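Enquirer: what follows is a predicted structure for the sequence shown.
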There are 2 protein chains.
Amino acid sequence: MPRPTSIILDWGTSSLRAMLVSEDGETTDTRETSSGGIQFVKDGAFEAALMEAVGAWFSAHGPLPVLASGMITSRNGWIEVPYVDTPGGISELAAGTRKLTLGNGAVITFLPGMRNPAARPFPDVMRGEETQIVGFGLDKNRTLVLPGTHSKWARIEAGRIAGFQTYATGEVFALLTKHSFIAKAQDPVPGAEPNWSAFDRGAEFAASEGIAADAFLSAIFSARTGILDGKLKPEDILDYVSGLVIGSEFRQARATGWFKPGDAIGIVGNNILNSRYGRIAPLFDLTVEAGPENAAKRGIMLIAAAAAE
Amino acid sequence: MPRPTSIILDWGTSSLRAMLVSEDGETTDTRETSSGGIQFVKDGAFEAALMEAVGAWFSAHGPLPVLASGMITSRNGWIEVPYVDTPGGISELAAGTRKLTLGNGAVITFLPGMRNPAARPFPDVMRGEETQIVGFGLDKNRTLVLPGTHSKWARIEAGRIAGFQTYATGEVFALLTKHSFIAKAQDPVPGAEPNWSAFDRGAEFAASEGIAADAFLSAIFSARTGILDGKLKPEDILDYVSGLVIGSEFRQARATGWFKPGDAIGIVGNNILNSRYGRIAPLFDLTVEAGPENAAKRGIMLIAAAAAE
């Protein structure tokens, strides 16, 4: 087993995920605890929460350097690290890190999030996704999409993140299928394959050439009219709406200039959503370039290495 | 007091509203009961529910004709009246009515809803709004908007309803402000004036010339970034989101051809939402034509009169 040389933290609102990592990036152990999520840490006791999660690694391997990203660097986290503005790349992100020395002598490096001051009507922000983008690779000018509750479209230009935009697609999907009158859906069967036929119908409408799909607030009513017209069954609704809202995200990303037909884009992450995004890309005449596994870990190590220089 | 000549029912899922009406359309008495809402009527006992609500009117004035519209004519209602397809006007709607004779000898006429078979991806439907459109007036070629939970844009051509489209704007507003992470809002103070300044900021972004507002799934994230950037306060969110989603409805209605800058449109109904829609119309270079009060009652009487011929 390779010798561990650092601890990497994805420290969010609801959970703390820790990886024990070797110099060449191999993960030799992992911990995940919800009690360490920043919403559960009282009175700023973040160091104690960290020790509870990974104290055994320090005991076994000494005061390894710790690299932290995620909401732990936000106003409600351990220390608030200011956002780095786009355009920015590895050197700007490295310059934006903050360090603390822990009681055991280990140094923790907090990575900054990013802010797009050119976004309208207000600057857009992300914390954590920038490490995935860096880890995916900044070598080529291209557009990346990062599926999620608040998915991101980002543009790489000249080795830096030129800009990005958040789409609240995952959240809108959850609101519609859990709480709405028009598209409340049956709960998915855990582990079941998506209903791809229903998914494709929603996606194909979102990708269709007519103007009807430009009206998102109207398009979502089709979950209701499809039932009334006998074209959709109750068991279709969940994946029909999934295809419709993700497809609408692509349609809107095209309208706002993130891609044009014929482009190659990257889909970043190992998210379960990626297969859905990958299925929709060809409907918009896009090819998909695969990135490395564990893009976030790779990006964190690249930024931390630059910060250590 | 004028002599009552008919009873008009707006009979929906959650309530039954009844009006006692004279020949020239004056309302001489009203009843409203939630126990009569079709979801609360058991075993098809609609006649009993009607008698409980307005039996006293029959006793006082004899077996007056009854005109009913709303969800009472749907699959879950008293009798299912087939939709009348667009394009269609008063004569088509009149031909689509269905009659029943009650135990006391009164005849109840059920008015049909409308269906737009040209809508994509599935035919669009409405039940009740078509009476408001008829009552507003079919004399002039123009576009009408009917604000609501599921608002409608409708086109009048050659004295008929040429087509219509549903926008789930009110429902999306409620989902975002009640259940979302990005735009959960403080409860409104009952009876308070809207926060027009916040409303206008959302509406002006939706009406802005840049392409950013074409991405609805991204635009709604601005409720969150506005807070993070210090540009919006928690007490602004409710009306900011209201302006943003209604403004987005106009933007999408323009994109799908319901109006062009310089048009005059009608805003139908006495809904509390109308002042919000009326405030946004000029941002899209629209003038607003006022319609008659009580458009629904007027429309029901026009359709019923044609059905009686």
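Expert: Structure received.

Enquirer: can you pull the buried residues of stretch A:134-141?
Expert: A:134-138 (16 or more other CB atoms under 10 Å in any protein chain shown). Placement of C-beta: from N, CA and C, glycine included.

Enquirer: so can I have CSV of those residues showing secondary structure, pLDDT and distance to residue B:303?
Expert: As requested, the buried residues of stretch A:134-141 are exported to CSV (DSSP: H, G, I helix; E, B strand; the rest coil; pLDDT from 0 to 100; distance: CB to CB, whole Å):
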residue, secondary structure, pLDDT, distance to residue B:303
A:134, helix, 97, 65
A:135, helix, 96, 64
A:136, helix, 96, 61
A:137, coil, 96, 65
A:138, coil, 97, 65
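
Enquirer: any chance of those in TSV, with distance to chain B too?
Expert: Formatted as TSV, those follow (distance: CB to the nearest CB, whole Å):
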residue	distance to chain B
A:134	22
A:135	24
A:136	21
A:137	25
A:138	23
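
Enquirer: show me which pair in those is furthest apart.
Expert: Spanning the widest gap among the buried residues of stretch A:134-141 are A:135 and A:138, at 9.6 Å by CB to CB.

Enquirer: ok, residue A:48 to residue A:38 distance?
Expert: Counting by CB to CB, to the nearest Å, the gap from residue A:48 to residue A:38 is 13 Å.

Enquirer: I meant residue A:179, not that one.
Expert: 26 Å.

Enquirer: residue A:122 now?
Expert: 24 Å.

Enquirer: check residue A:75 too.
Expert: From residue A:75 to residue A:38 the distance is 10 Å (CB to CB).

Enquirer: before we move on, what about residue A:178?
Expert: In terms of CB to CB, residue A:178 sits 25 Å off from residue A:38.

Enquirer: and what of residue A:260?
Expert: Where residue A:38 is concerned, residue A:260 sits at a distance of 40 Å (CB to CB).

Enquirer: please parse chain A into its domains.
Expert: Domain ranges of chain A: A:4-137+A:293-308, A:167-289, per automatic domain parsing.

Enquirer: could you dump these to JSON lines with distance to residue B:43?
Expert: Shown next, in JSON lines, are the domains of chain A (distance: least, CB to CB, whole Å):
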{"stretch": "domain A:4-137+A:293-308", "distance to residue B:43": "47"}
{"stretch": "domain A:167-289", "distance to residue B:43": "24"}
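
Enquirer: okay, buried residues for stretch A:254-266 please.
Expert: Buried-residue list, stretch A:254-266, by 16+ other CB under 10 Å: A:254, A:256-259, A:265-266.

Enquirer: among these, which are in strands?
Expert: Applying DSSP state E to the buried residues of stretch A:254-266, the entries found in strands are A:265-266.

Enquirer: which of the buried residues of stretch A:254-266 sit farthest apart?
Expert: A:256 and A:266 (18.1 Å).

Enquirer: re earlier: the more surrounded of residue A:48 and residue A:38?
Expert: residue A:38 (22 against 15; other CB atoms under 10 Å in any protein chain shown).

Enquirer: so that one touches residue A:77, yeah?
Expert: Yes - the pair residue A:38 / residue A:77 is scored as a contact, 5.4 Å apart, by CB atoms under 8 Å.

Enquirer: mind listing the shared neighbours of these two?
Expert: Common contact partners of residue A:38 and residue A:77 (CB atoms under 8 Å, 6 or more residues apart in numbering or on different chains): A:11, A:46, A:71.

Enquirer: which of those residues lies closest to chain B?
Expert: Closest to chain B out of those is residue A:71 (12.2 Å), distances taken as CB to the nearest CB.

Enquirer: so how far is residue A:199 from residue A:193?
Expert: 10 Å.

Enquirer: okay, those two: which has more neighbours?
Expert: Remark: of residue A:193 and residue A:199, residue A:199 carries more neighbours, 23 against 7, as counted by other CB under 10 Å.
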